[in-house]
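1. predicted structure and sequence below. I'll ask about it afterward.
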There are 2 protein chains.
Amino acid sequence: MSQSKSRDPDVLHRHLRDVQELLSRQRLVDELVHRQQMPHRDLVESITHKQNLARLQRKLDRLHPADIAWILETLPLADRLFVWELVRADKDGDILLEVSDAVRASLLETMDHYALKAMALGLDADELADLAPDLPAEVVQAVLAALDQDEQAHVRAAMSYPEGTVGALMDFDLIKVREQVTLGAVLRYLRRFGALPDHTDKLFVVDREERFRGLLTLESLLVNAPERTVSEVMKSRAVVTFRPDDDARAAAQAFERYDLVSVPVVSERDRVIGRLTVDDMVDYIREESEAEILGNVGLREEEDLFAPVIRSVKNRWAWLAVNLITAFVASRVIDLFQDSIGQLVALAALMPIVAGIGGNAGNQTITMIVRAIAMGQVESAALGRLLRKELGVALINGLVWGGVIGVLAGVLYGSPGLGLVMIAAMTLNLLLAATAGVLIPLLRQRFGGDPALGSSVLITALTDSGGFFIFLGLATLLLL
Amino acid sequence: MSQSKSRDPDVLHRHLRDVQELLSRQRLVDELVHRQQMPHRDLVESITHKQNLARLQRKLDRLHPADIAWILETLPLADRLFVWELVRADKDGDILLEVSDAVRASLLETMDHYALKAMALGLDADELADLAPDLPAEVVQAVLAALDQDEQAHVRAAMSYPEGTVGALMDFDLIKVREQVTLGAVLRYLRRFGALPDHTDKLFVVDREERFRGLLTLESLLVNAPERTVSEVMKSRAVVTFRPDDDARAAAQAFERYDLVSVPVVSERDRVIGRLTVDDMVDYIREESEAEILGNVGLREEEDLFAPVIRSVKNRWAWLAVNLITAFVASRVIDLFQDSIGQLVALAALMPIVAGIGGNAGNQTITMIVRAIAMGQVESAALGRLLRKELGVALINGLVWGGVIGVLAGVLYGSPGLGLVMIAAMTLNLLLAATAGVLIPLLRQRFGGDPALGSSVLITALTDSGGFFIFLGLATLLLL
């Protein structure tokens, strides 16, 4: 049984190594020719050259587009473009849809308008709508002009919905049937198709005016007698449908919750205009969680590992700038207490501990609350209850950890007073962190913002400046 | 069209508010009765009471188990248990499978052995295997004894595979057919089933010895003439299969890459022993990304929002302890330079800036590298190349941001030398962060660890202590 799809990373790595080996042989031959160290062996060389290329091309022809996409992402730029040249043109579109944004840009740059048009004409309407923003406007116009009216309408519809909506993710490959026909007639109708659209687990039942009436699962088509009518076996109650302007995140949660494979997208006038399938939802869920993890450290997008340094700098600078500003503010807070530090230098050594524990605990709280908001579970839970709980946790942590560190500091510096100030400052900063950890995401949500975005930077800024202020202020008041 | 499944959070919230309203009415009645403020209205009261309960129960009966699970997670403990009592027993199992681990424990505590047994007997083998670790051993034994041999074998098989393998996620609901029969015969065979297993998009073709031969998609069953045989239309090349001990993460990537709905799990002797379906993969992907986000701030598990304070403290303490230790080390580094700080107090104010930018940049680098390792794209990319790129980014950031802050510090404290030390220290700490950001995850992977786990704590520890040491050391050497 041939296995051109790779079910595990090892197989994928073997493909990669094969490609890399063929590439390096190729480079060796090119280099020797370039240096003219094989002047009399032109013929032999050119045969090896062609054999190599042919082997690489055969290898690529056998690979799934998703696997080629992975290999392209993994290769440095020069090798990537060399391989990209060898890929069969009819796979171009599928590969471009699979690669990350950064790598896609590097591949598109190498294609002329003719190749782009040929590639774009091979795409489905929803795929074309996905790629269109990355293509030159002339190419998009030319491709649209070559499509029939229905397809044009589909592309324009898909492009008209903003990112993050169901409309932007739906496809148009659906099979509609009428409710009064028999299952036997449906079976005969399906046999006229050479193939069904991907992820067809159900057909959509519509009336004469194309209004949505219910769902006919392939299952009910298969287990029921052919004499029965669609209306007898179709599902019309407790059916999940989406509208094109529904939030994609809510749709993904519905897929997850109800274990769906495909769902009809229905217009306001109850027409079936598209469908959402689980493969797109899997990609969406993965991309959302990627974006969240990258966003936590202020990375705007997935980086091409081999992107030029300057592009990486651009991807990362904003977060560093914001953090520098907050660090600068904290620095000014410390500067207020120059005299105190001059009198008692131990304060300088201990103050990062107070700030640090606040930041860590605050980030734990904020992560919990942001998760709960994303699951829709906070609005209803009383604010007061959450706050009381987090303050309780902070109080225990402050007394326990503050106690440990306070005693240690008191002994190290031979000053019980300093130890007590440490305990008090750590506890107060933890209480500040808990309050801010609950309030920041809730307030951001209240005012329509994304509770996750930048919350971590905000709370760290607060617990740093706050921690320094509390500790140095208490020390100034009580010890000096 | 009734819509008992909630396609968007608003509908879900409406259900929740209905439940909460019924609950609060109930509480009011209970309270009045308790206070005996309605002594002569017993009859009326008891009727209201019953009506309320009946309405709540009807509401719950109409809801999908996944939605009830969400409502239970969102309610405080007392309300949660009250609602749990009212849920129809036949939904118990599905709900328990849906709720988070923390909430599941709170629900299981209320059930006696009899109820647990009844619930467990309603589960499929793979579901029972999932819940078994949370159930009392006697209950598991009793339930196993009540199953037939095949089912017992399935449960034991599913329980025997460690978490994170395909075997632990597979189910046993599969339909096998022989290759020599006609599609018409398969269609007649399917009609004998009342229903097909969930997510059946293909049947598994086996030979006389039950060895895997290929896949018969429902699509090919529907679009081909009934006279054709299974062997003529089945797919046996480029077919994805898993082995039960394959890594679940690799399986999830295969589902994502090849847009799969169900995949056969095949033993070493080529027998079909189970299957993996996309709904389980969606849950797996979601859980993995949750675990990663929670793990980033050292939370061991999703917290029940209404868990007692002490349980939350336990969930969070380890990370705080590790961070305190690293902060303490950094504090000792600062303490080495007591004399320098005593002479030039501005150092105390500026040192957190140097440490902070190193931590931020290091976390960006490490997040990039950990992502690339998870996608399998680093092993092959040369270490040297990655390191050069990150050092380049660090150098630019150091000179730019170090320059800005250095000039600012120089002006603020009227000391050009201090400004130059800032620039040098920030650049050096960023170079340290870049080196560590590349090396830490790669070394952890080399030695078989999880590159993500605790990497952020490690790098922050390094850039804090390192930043303090570099800055205070340079200042001591050059300025004092």
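-> Nice, I can see it.

2. could you find the closest non-adjacent residue to whatever residue of the stretch 1-150 of chain A ends up closest to chain B?
-> Per CB to the nearest CB, A:Ala66 is where the stretch 1-150 of chain A lies closest to chain B, at 4.0 Å. C-beta: built from backbone N, CA, C; applies to glycine. Among residues not flanking A:Ala66 along the chain, B:Arg257 sits closest, at 4.0 Å (CB to CB, 6 or more residues apart in numbering or on different chains).

3. what's the burial count for that neighbour?
-> 23 (other CB atoms under 10 Å in any protein chain shown).

4. contacts only, for it.
-> A:Lys5, A:His64, A:Ala66, A:Asp67, A:Trp70, A:Glu98 (CB atoms under 8 Å, 6 or more residues apart in numbering or on different chains).

5. cutoff 10 Å now
-> By CB atoms under 10 Å, 6 or more residues apart in numbering or on different chains, the contact set of B:Arg257 is A:5-7, A:12, A:64-67, A:69-70, A:98, A:279, A:282-283, B:240.

6. ok, it to A:Asp150 distance?
-> Distance, B:Arg257 to A:Asp150, by CB to CB, to the nearest Å: 30 Å.

7. what is the burial count for the residue lying closest to A:Ser331 once chain neighbours are set aside?
-> Spatial nearest neighbour of A:Ser331, excluding adjacent residues (CB to CB, 6+ apart): B:Ala349 at 4.8 Å. Neighbours of B:Ala349 under the rule other CB under 10 Å: 25.

8. care to break chain A down by domain?
-> If you go by automatic domain parsing, the domain ranges for chain A are A:9-169, A:176-296, A:309-479.

9. out of those, which comes closest to B:Leu22?
-> Between B:Leu22 and those, the shortest gap by CB to CB is with domain A:309-479, which sits at 14.3 Å.

10. on the three-state scheme, the closest residue to A:Leu183 other than its chain neighbours is what?
-> Leaving aside its chain neighbours, A:Leu183 sits nearest to A:Pro226 (5.0 Å; criterion: CB to CB, 6+ apart). Secondary structure assignment for A:Pro226 (DSSP: H, G, I helix; E, B strand; the rest coil): coil.

11. burial measure for A:Pro226, as a count.
-> A:Pro226: 14 surrounding residues under other CB under 10 Å.

12. state the pLDDT value of it.
-> Note for A:Pro226: predicted pLDDT of 92.

13. need the contact list for it.
-> A:Thr182, A:Leu183, A:Gly184, A:Ala185, A:Val186, A:Leu187, A:Arg188, B:Leu187, B:Arg191.

14. could you rerun that using 7 Å?
-> Neighbour list for A:Pro226: A:Thr182, A:Leu183, A:Gly184, A:Leu187 [criterion: CB atoms under 7 Å, 6 or more residues apart in numbering or on different chains].

15. circling back to that earlier point, any idea of the mean pLDDT for the helix or strand hosting the residue of the stretch 1-150 of chain A closest to chain B?
-> Under the criterion of DSSP states H and E, A:Ala66 resides in helix A:65-74. Computed over helix A:65-74, the mean pLDDT rounds to 91.

16. and it, what does it pack onto?
-> For helix A:65-74, the packing partners by 3 or more CB pairs under 7 Å, 6 or more residues apart in numbering or on different chains; DSSP states H and E come out as helix A:9-34, helix A:77-86, helix A:92-98.

17. buried set for the next helix-or-strand element following the longest one?
-> Pointing back at helix A:9-34 there. Later in the chain than helix A:9-34, the nearest helix or strand by DSSP H and E is helix A:42-62. Buried residues in helix A:42-62, defined by neighbour count with 16 or more other CB atoms under 10 Å in any protein chain shown: A:Glu45, A:Asn52, A:Leu56, A:Gln57, A:Lys59, A:Leu60.

18. now do stretch A:400-410
-> Residues of stretch A:400-410 classed as buried: A:Val400, A:Trp401, A:Gly402, A:Val404, A:Ile405, A:Gly406, A:Leu408, A:Ala409, A:Gly410 (neighbour count, 16+ other CB under 10 Å).

19. in contact with A:Ala349, which residues?
-> Going by CB under 7 Å, 6+ apart, A:Ala349 touches B:Ser331, B:Ile334, B:Asp335.

20. quick one: which of those residues sit in helices?
-> Among those, the members found in helices (DSSP state H) are B:Ser331, B:Ile334, B:Asp335.

21. can you put the residues you listed in JSON lines and add pLDDT, distance to A:Asp79 and neighbour count?
-> Formatted as JSON lines, the ones in helices among the contacts of A:Ala349 follow (pLDDT from 0 to 100; distance: CB to CB, whole Å; neighbours: other CB atoms under 10 Å in any protein chain shown):
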{"residue": "B:Ser331", "pLDDT": "95", "distance to A:Asp79": "48", "neighbour count": "26"}
{"residue": "B:Ile334", "pLDDT": "96", "distance to A:Asp79": "48", "neighbour count": "28"}
{"residue": "B:Asp335", "pLDDT": "95", "distance to A:Asp79": "51", "neighbour count": "17"}
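
22. dump the residues you listed to JSON lines, plus distance to B:Gly419.
-> Below are these laid out as JSON lines (distance: CB to CB, whole Å):
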{"residue": "B:Ser331", "distance to B:Gly419": "26"}
{"residue": "B:Ile334", "distance to B:Gly419": "21"}
{"residue": "B:Asp335", "distance to B:Gly419": "25"}
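
23. out of those residues, which one sits closest to B:Leu474?
-> B:Ile334 (14.1 Å).

24. thought the closest one was touching A:Ala348?
-> Yes. The pair formed by B:Ile334 and A:Ala348 meets the contact definition of CB atoms under 7 Å, at 5.9 Å.

25. ok, A:Gly392 touching B:Val309?
-> Yes. A contact is recorded between A:Gly392 and B:Val309 when judged using CB under 7 Å, the distance being 3.9 Å.

26. near chain B, anything from stretch A:242-256?
-> Yes. Using CB under 7 Å from any CB of the partner chain, we find that stretch A:242-256 touches chain B at A:Phe242, A:Asp246, A:Asp247, A:Ala250, A:Ala254, A:Phe255, A:Glu256.

27. got a list of contacts for that stretch?
-> Stretch A:242-256 is contacted from outside by A:161, A:164-167, A:169-170, A:240, A:260, A:263, A:265-266, A:273, A:276, A:278, A:281, A:284-285, B:7-9, B:282-283, B:286, using CB under 7 Å, 6+ apart.

28. in PyMOL, how would I select the buried members of these?
-> In PyMOL, this line selects whichever of the contacts of stretch A:242-256 come out buried by 16+ other CB under 10 Å:
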select buried, (chain A and resi 161+165+166+167+169+170+240+260+263+265+266+273+276+278+281+284+285) or (chain B and resi 7+8+9+282+283+286)
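
29. now, the contacts of stretch A:242-256 that are in helices?
-> A:Val166, A:Gly167, A:Leu169, A:Val278, A:Met281, A:Tyr284, A:Ile285, B:Pro9, B:Val282, B:Asp283, B:Arg286.

30. and those residues as TSV, adding distance to A:Leu418 and pLDDT?
-> Output for the ones in helices among the contacts of stretch A:242-256, formatted as TSV (distance: CB to CB, whole Å; pLDDT from 0 to 100):
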residue	distance to A:Leu418	pLDDT
A:Val166	60	95
A:Gly167	62	94
A:Leu169	59	94
A:Val278	60	96
A:Met281	57	95
A:Tyr284	54	93
A:Ile285	51	92
B:Pro9	51	56
B:Val282	54	94
B:Asp283	51	92
B:Arg286	48	90
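
31. what's the closest of those to B:Ala146?
-> Of all the ones in helices among the contacts of stretch A:242-256, B:Asp283 has the smallest distance to B:Ala146: 27.6 Å, by CB to CB.

32. the residue lying closest to the closest one once chain neighbours are set aside is in what secondary structure piece?
-> In space, not counting the residues next to it along the chain, B:Asp283 is nearest to A:Glu256; the distance is 6.7 Å by CB to CB, 6+ apart. Per DSSP H and E, A:Glu256 falls inside helix A:248-258.
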